[in-house]
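pasting the sequence and the predicted model now:
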Amino acid sequence: MEGVLTPEVWIAVAERTGVPELRRTTRDEPDYDKLMRYRIDLMDRHGVTLSRIQETIAGLPLLTGARAFLDSLRQRMPVIILSDTFEQFAQPFLRQLGWPTLLCHRLIVENDRITGYQLRLPDQKKSAVAAFQALNYNVIAAGDSFNDTSMLAQANHGILFHAAEGLIRQFPQFPSVSTYGELRQLIDERAAG
């Protein structure tokens, strides 16, 4: 979701809280557990609360063209968003996107402080794609970061969208596009094939 349909939450939180180290995302750190432990430690040291993060998220717009892209895609095929975001972060974005189906993780919160997180499953995006394939769906997946690559590899068709140059070079097996128009064209071609 983040980086594909919505801005990166952690970058916005870093700017709002004045804790630049929170800018680190899965584009920078492929080990999700290591990244989240780093973030939780930073939030604890700097007193960054869940409610402050939610206030930041509530003021963020979607990426330009995201809603129109998603609406046009949903008219043609089922769309499920698989994300490493958290239920407690997603509501404002889901509202703006017209309440699509989102499968994501959950934060552990005590007295407005984020103390941990619960993954649905390890590598839940790849597992979800495999489950859809077991139901005989032809899965076309798009993502922008390291934590999407196992999902893209599992999918019948994987596409990099808005990905960093280093990721594109590291995973040349996935076509890479940077606009919703290009992404929609690749999805349509693969859905027809």
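Noted; the coordinates are in hand.

so what's the residue count around Pro61?
Look at Pro61: counted by other C-beta atoms under 10 Å, it has 12 neighbours. Bear in mind the C-beta positions are built from the backbone N, C-alpha and C, glycine included.

swap in Arg76?
Per other C-beta under 10 Å, the neighbour tally for Arg76 reads 11.

look up how far Gln185 lies from it.
According to C-beta to C-beta, to the nearest Å, Arg76 and Gln185 sit 13 Å apart.

go on, Asp84?
Using C-beta to C-beta, Asp84 is found at 27 Å from Gln185.

pick out whichever of those two has more residues nearby.
Using other C-beta under 10 Å, the more surrounded residue of Asp84 and Gln185 is Asp84, with 21 against 12.

that one sits in which helix or strand?
Using DSSP states H and E, Asp84 maps to strand 80-86.

how about that strand: buried residues?
Within strand 80-86, the residues scored as buried using 16 or more other C-beta atoms under 10 Å are Ile81, Leu82, Ser83, Asp84, Thr85, Phe86.

which residues does stretch 148-155 contact?
Identification of contacts with stretch 148-155 by C-beta atoms under 8 Å, 6 or more residues apart in numbering yields 82, 123, 125-126, 128-130, 133, 139-143, 158-160, 167, 171, 173-174.

ugh, wrong one, stretch 41-60
Identification of contacts with stretch 41-60 by C-beta under 8 Å, 6+ apart yields 6-7, 9, 12-13, 16-17, 19, 21-22, 88-89, 92-93, 107, 109, 112-114.

report pLDDT for Arg76.
We have a pLDDT of 93 for Arg76.

that one contacts Ile140, correct?
No - the pair Arg76 and Ile140 fails to qualify as a contact (C-beta atoms under 8 Å) at a distance of 11.1 Å.

report the set of residues contacting both of these two.
Common neighbours of Arg76 and Ile140, using C-beta under 8 Å, 6+ apart, are Ala191.

just the C-alphas of the lengthiest strand in the chain, formatted as PDB.
The longest strand of the chain (DSSP state E) is strand 101-110. Taking Å, rounded to 0.1, in the frame of the first residue of the first chain, the C-alpha atoms of strand 101-110 are listed here in PDB:
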ATOM      1  CA  THR A 101      -9.900  -5.100   1.300                       C
ATOM      2  CA  LEU A 102      -6.600  -4.800   3.200                       C
ATOM      3  CA  LEU A 103      -4.700  -7.700   4.700                       C
ATOM      4  CA  CYS A 104      -2.000  -6.400   7.100                       C
ATOM      5  CA  HIS A 105      -0.500  -6.600  10.600                       C
ATOM      6  CA  ARG A 106      -1.500  -5.400  14.100                       C
ATOM      7  CA  LEU A 107       0.400  -3.200  16.600                       C
ATOM      8  CA  ILE A 108       0.700  -4.000  20.300                       C
ATOM      9  CA  VAL A 109      -0.100  -0.900  22.200                       C
ATOM     10  CA  GLU A 110       0.000  -0.100  25.900                       C
END
